[in-house]
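S.K.: this one's sequence-less:
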């Protein structure tokens, strides 16, 4: 992976950089998917990044909840039929105790699928080296750059990133 | 308040991870010794048999089940409070949530160990778990004790994830600052977090879903714990109000534990700029509210019993109102109602010291409350010829003391490994307040920001 990026002191200058990169992407031969941003906090009020904000995560959690609840129902139903334990004149498969187990496993299903969907959607864990990053991000800098641009565009990109107010412009290989 | 720079903020909150004073080791040593004594007492109990405890007919639930209910209640400090504050977008929650969520996980771990400690043969604890066995014995799904196993497992899983997810960006920050073996550990813990907009968006969405899901789980856990008592027809247990009564008590004791933990962290790690009197004032008001709710439940419960005048229930009622538990009962009311009311309802006293004093009395009072729910009912169960009395032995007292020490020790270790305040959420909050921390343009004052052992110098 080759990249060029600037480190910006605040979201306002990062926004300027982002806008300049967006306006020059077709001219310099790269797409919006090549523009990369990293920050140590989210900037929801800025148009800094990923525009596809819709996610099916809540629906996946609901699906996980359904699977969890159904698994709980099967566990209680099949177990109690296989090993009937008469208790206090209650039915072998009684509504209320079954409901408690189904409820808990419904919630467990939602919790686990939320975790799994986060890991998949955020593409973590990813411990591989060679990914664009700069530890200065942890000091509050905002990294805005372009991944894999054409070789011929590097000089122009550097000018654009500097013009937007970057503290530093670096290349990454 | 002057907004600190990002460097300053990182440095101040990461300081406890980098620097360890002799006081820390001394405190950890003392707490560790108490925990070891508790483990030794438990081993002695396993070796000699459960008879070395004070448990005997008719009181088979004593200190251990009191501890179980108490710690599960304390666990409501974190996840429940944090989830409510997240969902209501309470900006002041930001420095508080991680302190609270950590309490949940550790209190649950400690609480969940008590059903096992309480067993006569703890090495057979796995008989509780639902799995097919050749003996043909399956756990009975009609038993509230099995519901506990499901509820606590779900809550522990959810709370651990709820604690871990917002910590990932902070682990990435520590990864960038650390050196050597620490860097490798935090590299793994941060899961390769980069902080791209996609990652932030997904993380925030996951936290919102988790906050919605974890609330009903938290309520269900303590409701199910209350059903351990409310389901059997035992005098003063068999009550429809027990579920909400237990949940209210759990939140009450949880807030108290959170205030104590915050005060200790504030003092020990010099977090005065982040855990301010404002936070203690807000939590103090919540504590006062829950104290009044708790008082309402106590009045409703005891008045209903008194008015019904059923002789088995009245026997239990009088044992705490006039009998051998009178002093404990009124001391509990003093701790849970009178002290919090007089301290927290007067603004002048609702200081850090005031809220901490009220919280300490609440924690003591709530432990007594759990004890007074359990033991008097078992001592005076129906026919007088079955009555008996319970007196804890040194084994139970040592194990109980050990759990308090274990809680403190686990919390101390946690605060050495994880930023105890969520740094990214704090930055976000400061931006929302208009006091945004700025990236340092020049190196900060050398006396404040220096390279710590195992950590890179600022800006490097």
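M.R.: Here it is on my side, so go on. Just so you know, these numbers come straight off a predicted model, no measurement behind them.
S.K.: ok, residue 67 - how many residues close by?
M.R.: Since you didn't name a chain, this refers to chain A. Using other C-beta atoms under 10 Å in any protein chain shown, residue A:67 is surrounded by 16 other residues. For glycine as for every other residue, the C-beta is placed from the backbone atoms N, C-alpha and C.
S.K.: please go with chain B instead
M.R.: Taking other C-beta under 10 Å as the criterion, the count of residues near residue B:67 is 25.
S.K.: Look up how far residue B:374 lies from it.
M.R.: When distances are taken as C-beta to C-beta, to the nearest Å, residue B:67 and residue B:374 turn out to be 10 Å apart.
S.K.: show me what contacts whatever residue of chain A ends up closest to chain B?
M.R.: Shortest chain A-to-chain B distance, computed as C-beta to the nearest C-beta: residue-wise this is residue A:49, at 2.6 Å. Taking C-beta atoms under 8 Å, 6 or more residues apart in numbering or on different chains as the definition of contact, the neighbours of residue A:49 are A:18, A:37, B:196, B:197, B:198.
S.K.: And for the third one, nearest residue in space, chain neighbours not counted?
M.R.: Spatially, and ignoring its direct neighbours in sequence, residue B:196 is nearest to residue A:38 (5.6 Å; C-beta to C-beta, 6 or more residues apart in numbering or on different chains).
S.K.: isn't there a strand covering residue A:131?
M.R.: No: Residue A:131: not assigned to a strand; according to DSSP: H, G, I helix; E, B strand; the rest coil it is coil.
S.K.: Identify the residues contacting it.
M.R.: Taking C-beta under 8 Å, 6+ apart, we find residue A:131 in contact with A:1, B:192, B:194.
S.K.: How about the contacts made by residue B:263?
M.R.: Residue B:263 makes contact with B:280, B:352, B:355, B:356, according to C-beta under 8 Å, 6+ apart.
S.K.: Can you tell me which of those residues has the most neighbours?
M.R.: Counting neighbours by other C-beta under 10 Å, the top entry in the contacts of residue B:263 is residue B:355, with 30 neighbours.
S.K.: Let's see the pLDDT reported for residue 139.
M.R.: The chain I'm using is chain A. The predicted structure scores residue A:139 at 90 on the pLDDT scale.
S.K.: meant chain B, my bad for not saying
M.R.: Residue-level pLDDT assigned to residue B:139 equals 78.
S.K.: I'd like the distance between it and residue A:96.
M.R.: Taking C-beta to C-beta as the measure, residue B:139 and residue A:96 are separated by 16 Å.
S.K.: Tabulate the contacts of residue B:263 (TSV), appending distance to chain A, secondary structure and pLDDT.
M.R.: As requested, the contacts of residue B:263 are exported to TSV (distance: C-beta to the nearest C-beta, whole Å; DSSP: H, G, I helix; E, B strand; the rest coil; pLDDT from 0 to 100):
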residue	distance to chain A	secondary structure	pLDDT
B:280	26	helix	94
B:352	28	helix	95
B:355	30	helix	96
B:356	31	helix	97
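S.K.: re the thing from before, from the contacts of residue A:131, which is closest to residue A:167?
M.R.: Distance to residue A:167, by C-beta to C-beta, is smallest for residue B:194 among those, at 19.1 Å.
S.K.: Quick one: neighbours of the nearest residue to residue A:165 once chain neighbours are set aside, just the number.
M.R.: In space, residue A:165 comes closest to residue A:13 once its chain neighbours are excluded; the distance is 3.8 Å by C-beta to C-beta, 6+ apart. Close neighbours of residue A:13, defined as other C-beta under 10 Å, add up to 18.
S.K.: I'd guessed residue A:13 sits against residue A:166; true?
M.R.: Yes: if you go by C-beta atoms under 8 Å, residue A:13 and residue A:166 touch, sitting 7.4 Å apart.
S.K.: re earlier: contact partners for the residue nearest to residue A:165?
M.R.: Residues near residue A:13 by C-beta under 8 Å, 6+ apart: A:142, A:164, A:165, A:166.
S.K.: if we can go back for a sec, out of the contacts of residue B:263, give me the two with the largest separation.
M.R.: When C-beta to C-beta is used, the two most widely separated members of these are B:280 and B:356, lying 7.9 Å apart.
S.K.: quick one: common contacting residues for these two?
M.R.: Among the neighbours of residue B:280, those also in contact with residue B:356 (C-beta under 8 Å, 6+ apart) are B:259, B:263.
S.K.: Residue B:372: what's it in contact with?
M.R.: B:320, B:325, B:328, B:329, B:332.
S.K.: out of those residues, who's nearest residue B:305?
M.R.: Minimum distance to residue B:305 across the contacts of residue B:372 is 10.6 Å, recorded for residue B:320 (C-beta to C-beta).
S.K.: need the contact list for the closest residue to that closest one other than its chain neighbours.
M.R.: Here the nearest residue to residue B:320 in space, its sequence neighbours aside, is residue B:329; by C-beta to C-beta, 6+ apart that works out to 4.3 Å. The contact partners of residue B:329, taken as C-beta under 8 Å, 6+ apart, are B:320, B:321, B:372.
S.K.: Sort out for me which of the residues you listed are in helices.
M.R.: B:320, B:321, B:372 (DSSP state H).
S.K.: By proximity to chain A, which residue of the stretch 251-400 of chain B wins?
M.R.: Taking C-beta to the nearest C-beta, the stretch 251-400 of chain B has residue B:274 as its residue nearest chain A, at 15.6 Å.
S.K.: quick one: what helix or strand has that residue in it?
M.R.: Element membership for residue B:274, per DSSP states H and E: none, as it lies in no helix or strand.
S.K.: What of residue B:243?
M.R.: For residue B:243, the host element (DSSP H and E) is helix B:242-268.
S.K.: Distance from that helix to the middle of the chain?
M.R.: Average the C-alpha atoms of helix B:242-268, do the same for its chain, and the two points are 7 Å apart (C-alpha atoms, centre = their mean, to the nearest Å).
S.K.: Rounded mean pLDDT for that helix, please.
M.R.: For helix B:242-268, the mean confidence score works out to 93.
S.K.: Buried residues, it. List them.
M.R.: Along helix B:242-268, the positions that meet the burial threshold by neighbour count (16 or more other C-beta atoms under 10 Å in any protein chain shown) are B:242-266, B:268.
S.K.: the domain parsing of chain A - what is it?
M.R.: Structurally, chain A divides into domains by automatic domain parsing as follows: A:3-51+A:131-172, A:57-121.
S.K.: wait, which of the ones you listed is closest to residue B:35?
M.R.: For these, the distance to residue B:35 is smallest for domain A:57-121, at 30.2 Å, taking C-beta to C-beta.
S.K.: Is chain B within reach of the closest one?
M.R.: Yes: counting by C-beta under 8 Å from any C-beta of the partner chain, chain B has neighbours in domain A:57-121: A:57-58, A:61, A:65, A:75-76, A:79-80, A:82-83, A:85, A:87-88, A:90, A:94, A:97-98, A:100-101, A:103-105, A:107-108, A:110-112, A:114-115, A:117-119, A:121.
S.K.: Quick one: buried ones out of these?
M.R.: Among these, those classed as buried by neighbour count (16+ other C-beta under 10 Å) are A:57-58, A:61, A:65, A:75-76, A:79-80, A:83, A:97-98, A:100-101, A:103-105, A:107-108, A:110-112, A:114-115, A:117-118, A:121.
S.K.: State the next helix or strand along the chain beyond the helix or strand hosting residue B:368.
M.R.: When secondary structure is defined by DSSP H and E, residue B:368 falls within helix B:352-379. If you walk from helix B:352-379 toward the C-terminus, the next helix or strand you reach (DSSP H and E) is helix B:394-417.
S.K.: Tell me how far that next one lies from the chain's centre.
M.R.: Relative to its chain's centre, helix B:394-417 lies at 12 Å (C-alpha atoms, centre = their mean).
S.K.: I appreciate the help and will end here.
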